[in-house]
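Novice: I need the structure of the sequence given here:
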Amino acid sequence: MPREEDMGGVMPRRVMTLFLLIDISGSMSVNGNIGKVNSAIEEMIPLLKEVSDENADAEIKIAVLAFSSGCRWITHDISGQSGAESLESFFWNDMEAGGLTDMGAAFSELESKLSRSAFLASSTGAYAPVIILLSDGCPTDEWEKGLEKLKYNNWYKAATKIAIAVDDGDTSVLSAFTGTTESVLQVNSNRDDLKKLLCRLAVISSTMNSRPVAAGSGEDSSGENNAIKVADEVKNDANLWGGGW
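Specialist: Numbering: from 1, shown residues only. The predicted structure is shown next:
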């Protein structure tokens with residue numbers, strides 16, 4: 001029986017979801033950080049769309065969770081409910097900074113949506129997601145409880161997890177989230193690095209996670225290994241750091 005692609009049909013693509021967990025607490029107004037984040041997300045969408053359009057294996061979707069005093073999803077699914085959103089329909093509205101840093105609440109909310117019955121629902125299957133966490137401070141709630149629950153989630157275990165510590169962001173907390181210090185990047189917002197870094201991380205990690213790994217290739221495609229690869233590539237990007245990390 002001929003394969004569908006041999007008959008000129010289009011094979012269904014699996015979905016790879018990019019989760020962005022963005023700290024929008026009051027301190028993110030310093031040095032115009034929230035404006036840099038807004039600009040980065042707006043600029044990354046056409047780049048991610050290009051990666052998705054050129055990928056025969058995967059469609060990239062985006063899910064943005066903003067946290068301050070509580071947390072809320074910025075993205076919506078096709079029905080208008082909070083969910084992972086297609087890049088075709090995604091339109092970015094700028095966020096404003098204010099409030100506390102309820103990172104634990106964000107962890108709990110993320111855990112509730114990392115399942116096939118929630119944000120990872122797909123009739124064609126899903127690749128392991130990418131999760132990028134950005135924060136410039138210390139959590140103001142009981143973040144350990146939220147993270148402990150999250151660690152039992154199988155999608156979280158398989159995900160490529162990367163964190164950005166802006167200025168004095170608590171790298172110990174961010175390392176606890178990613179599982180390794182090697183996938184935590186620290187950025188000084190006095191320079192113009194934050195915007196470029198967030199955009200570059202999203203594109204590189206999404207590209208890596210949205211491709212199949214051939215059986216027997218010997219390539220380690222675990223989430224932790226992918227995160228370290230992405231972090232290393234960004235650290236050595238001369239366009240970001242003027243010659244290296």
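Novice: and the longest helix along the chain, what does it pack onto?
Specialist: Ordering each helix of the chain by length in residues (DSSP state H) puts helix 33-53 first. Helices and strands touching helix 33-53, by 3 or more CB pairs under 8 Å, 6 or more residues apart in numbering; DSSP states H and E, are strand 14-23, strand 58-68, helix 193-209. Placement of C-beta: from N, CA and C, glycine included.
Novice: and the ones you listed, which one is worst for confidence?
Specialist: Among the helices and strands packed on helix 33-53, helix 193-209 carries the lowest mean pLDDT, a mean of 91.
Novice: could you give the angle of it to strand 14-23?
Specialist: Inter-element angle recorded for helix 193-209 and strand 14-23: 160 degrees (by axes from the mean of the first three to the mean of the last three CA atoms, to 10 degrees).
Novice: now helix 193-209: buried residues?
Specialist: 193-209 (16 or more other CB atoms under 10 Å).
Novice: related to what we said a few turns ago, so can I have JSON lines of the helices and strands packed on helix 33-53 showing distance to residue 119?
Specialist: Listed next are the helices and strands packed on helix 33-53 as JSON lines, based on distance: least, CB to CB, whole Å:
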{"stretch": "strand 14-23", "distance to residue 119": "6"}
{"stretch": "strand 58-68", "distance to residue 119": "6"}
{"stretch": "helix 193-209", "distance to residue 119": "15"}
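Novice: residue 182: neighbour count?
Specialist: 16 (other CB atoms under 10 Å).
Novice: tell me which element the closest residue to it other than its chain neighbours is part of?
Specialist: Nearest residue to residue 182, sequence neighbours excluded (CB to CB, 6 or more residues apart in numbering): residue 228, at 4.9 Å. Taking DSSP states H and E as the criterion, residue 228 maps to helix 223-235.
Novice: for that helix, packing partners?
Specialist: In terms of contacts (3+ CB pairs under 8 Å, 6+ apart), helix 223-235 is packed against strand 160-166, strand 184-187, helix 193-209.
Novice: residues in contact with it?
Specialist: With CB atoms under 8 Å, 6 or more residues apart in numbering as the test, helix 223-235 has contacts from 128, 157-162, 178-180, 182-185, 197, 200-201, 204-205, 208-209, 240-241, 244-245.
Novice: same question for stretch 48-61.
Specialist: 11, 13-18, 62, 84-88, 127, 202-203, 206-207, 210-212.
Novice: recalculate using a threshold of 7 Å.
Specialist: Applying CB atoms under 7 Å, 6 or more residues apart in numbering, the external contacts of stretch 48-61 come out as 13-18, 62, 84-87, 127, 202-203, 206-207, 210-212.
Novice: make a ChimeraX selection of the buried ones in these.
Specialist: Buried members of these, defined by 16+ other CB under 10 Å, are picked up in ChimeraX with:
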select :13,14,15,16,17,18,62,84,85,86,87,127,202,203,206,207,210
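Novice: got the buried residues for the helix holding residue 228?
Specialist: Neighbour counts over helix 223-235 (16+ other CB under 10 Å) mark 223-224, 226-231, 234 as buried.
Novice: pLDDT on that helix, on average?
Specialist: On average, helix 223-235 scores 89.
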